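> have a look at this prediction, sequence included:
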Amino acid sequence: MSKTDAAAQGYASLSGASMGTTWSVKFLDPGLDRHRLHGQVQAALDEIVARMSTWEPDSAISRLNRAEPGWYQIAPAFFDVMAQALELAATTQGAYDPTLGALVDLWGFGPAGPVHAPPSQAAIDAALARSGWRRTELNTEYRGVWQPGGLHFDLSSIAKGYGVDEMARVLADAGVQHCLVELGGELKAAGLNPAGGAWEVEVESPGLGPDRLPVRLKDAAIATSGHYRRYFTHQSRRYAHTLDPHTGAPLPDDLVSVTVIHPQCMMADGLATALLALGPRKGPHHARQNGLAALFMTRHDNDFAVEWTDPFADLAGANTASPCL
């Protein structure tokens with residue numbers, strides 16, 4: 001399709017709510033039943049919530065978290081996301097850990113509700129004793145997951161990205177070739193925008209004022225994880241939602257955010273959280289060692305330094321010409 005053709009044809013929009021946030025789709029409509037397509041997108045997201053949301057007491061993951069010690073077979077999609085999360089844990093030596101649900105609740109960032117002061121060290125130690133990705137394992141043949149007892153899985157750092165991938169899959173199955181899908185700020189693009197070029201989005205840039213970083217996406221996804229999104233303040237100190245699996249406490253928030261571009265939004269979402277958890281030195285090093293397309297925003301007093309890997313510059317376009325904004 002030429003640029004002229006793309007601009008001449010009609011793009012449609014759909015939107016809804018899921019996972020405690022909103023979703024939207026912009027796509028070149030080949031003549032679909034939009035009401036039906038809306039229902040299919042919503043149904044795909046509802047299925048993910050039913051499997052992987054710790055905020056739903058009757059979800060599959062919530063039941064697994066309450067289960068007695070033993071092996072439990074889980075649905076294929078649930079298993080795939082769990083496997084990817086545990087692989088990220090292994091490749092980051094546990095800096096990323098999808099089994100910190102007890103600690104997430106303890107610090108007020110989970111379904112148990114917010115807190116306004118840090119928990120006691122005794123409470124942190126007790127939650128740490130119930131956590132740890134090495135305490136579980138998977139059985140690929142039977143899609144089995146080992147629950148050692150008291151382990152609380154939390155896939156919120158990767159399930160939303162998987163939701164974006166599922167939205168894009170629904171559209172592709174319906175015959176849509178050109179679209180931009182979004183769920184809670186995570187995005188995936190396919191084909192061309194209405195002007196016939198790559199889709200242009202903006203990287204979240206807290207504290208950078210009017211300076212925004214445009215990124216061009218074509219057949220790729222982008223996700224951002226940041227300390228600025230969820231935190232509470234106690235006695236003038238900020239406690240952000242990304243937790244250190246070794247100490248059980250929030251990580252320092254000097255690395256403000258990480259943005260990752262990847263063909264899969266599930267991977268972009270998980271990698272952004274993993275790199276954020278690795279911190280301002282290990283995160284960029286890990287990204288470069290593994291050829292990841294990543295951008296890092298780090299707080300320095302009242303300023304923010306911005307750096308990115310070469311793959312990020314290659315994928316994002318010519319707007320990443322200087323090392324800082």
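Looks like it arrived, so ask away. Residues are numbered from 1 along each chain as shown.

> and stretch 250-267, what's buried?
250-251, 253, 255-262, 264-267 (16 or more other Cβ atoms under 10 Å). Just so you know, the C-beta spots here come from the backbone N, C-alpha and C atoms, and that holds for glycine as well.

> now find how far off-centre it is within its chain.
8 Å (Cα atoms, centre = their mean, to the nearest Å).

> dump it to PDB, restricted to CA.
The C-alpha trace of stretch 250-267 is given here as PDB (Å, rounded to 0.1, in the frame of the first residue of the first chain):
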ATOM      1  CA  PRO A 250      11.900  -0.700  47.300                       C
ATOM      2  CA  LEU A 251      14.900   0.000  45.000                       C
ATOM      3  CA  PRO A 252      16.400   3.500  44.900                       C
ATOM      4  CA  ASP A 253      14.600   5.600  42.400                       C
ATOM      5  CA  ASP A 254      17.600   7.300  40.800                       C
ATOM      6  CA  LEU A 255      16.900   5.200  37.600                       C
ATOM      7  CA  VAL A 256      13.600   6.800  36.900                       C
ATOM      8  CA  SER A 257      12.400   4.800  33.900                       C
ATOM      9  CA  VAL A 258      13.400   2.300  31.200                       C
ATOM     10  CA  THR A 259      11.800   2.000  27.800                       C
ATOM     11  CA  VAL A 260      12.300  -1.100  25.600                       C
ATOM     12  CA  ILE A 261      11.400  -1.700  22.000                       C
ATOM     13  CA  HIS A 262      10.900  -5.400  21.000                       C
ATOM     14  CA  PRO A 263       8.900  -7.400  18.500                       C
ATOM     15  CA  GLN A 264       6.800  -8.700  21.300                       C
ATOM     16  CA  CYS A 265       5.100  -6.300  23.800                       C
ATOM     17  CA  MET A 266       5.200  -9.100  26.500                       C
ATOM     18  CA  MET A 267       9.000  -9.100  26.200                       C
END
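
> and for Phe109, the neighbour number?
24 (other Cβ atoms under 10 Å).

> can you give me the distance of it to Ala83?
According to Cβ to Cβ, to the nearest Å, Phe109 stands 24 Å off from Ala83.

> and what of Ala174?
28 Å.

> and Trp107, by the same measure?
The gap separating Trp107 from Ala83 is 26 Å, by Cβ to Cβ.

> kindly report the same for Tyr231.
According to Cβ to Cβ, Tyr231 and Ala83 sit 30 Å apart.

> what comes up buried for the helix or strand hosting Arg51?
Element membership for Arg51 (DSSP states H and E) is helix 34-52. When burial is assessed from 16+ other Cβ under 10 Å, helix 34-52 yields the following buried residues: 37, 40-42, 44-45, 48-49, 51-52.

> burial measure for the closest residue to Trp71 other than its chain neighbours, as a count.
Nearest residue to Trp71 in three dimensions, chain neighbours excluded: Gly144, at 4.6 Å (Cβ to Cβ, 6 or more residues apart in numbering). By other Cβ under 10 Å, 16 other residues sit near Gly144.

> check the spacing between Gly144 and Leu88 real quick.
Following Cβ to Cβ, the distance that separates Gly144 from Leu88 is 20 Å.

> kindly report the same for Leu106.
22 Å.

> circling back: Thr136 is in contact with the residue nearest to Trp71, correct?
No - under the criterion of Cβ atoms under 8 Å, Gly144 is not in contact with Thr136, lying 10.5 Å apart.

> that older thread, more crowded one of Trp107 and Ala83?
Set Trp107 next to Ala83 and count neighbours by other Cβ under 10 Å: Trp107 wins out with 27 against 14.

> verify the stated contact: that one with His241.
Yes - the criterion here is Cβ under 8 Å, and Trp107 meets it with His241 at 7.4 Å.
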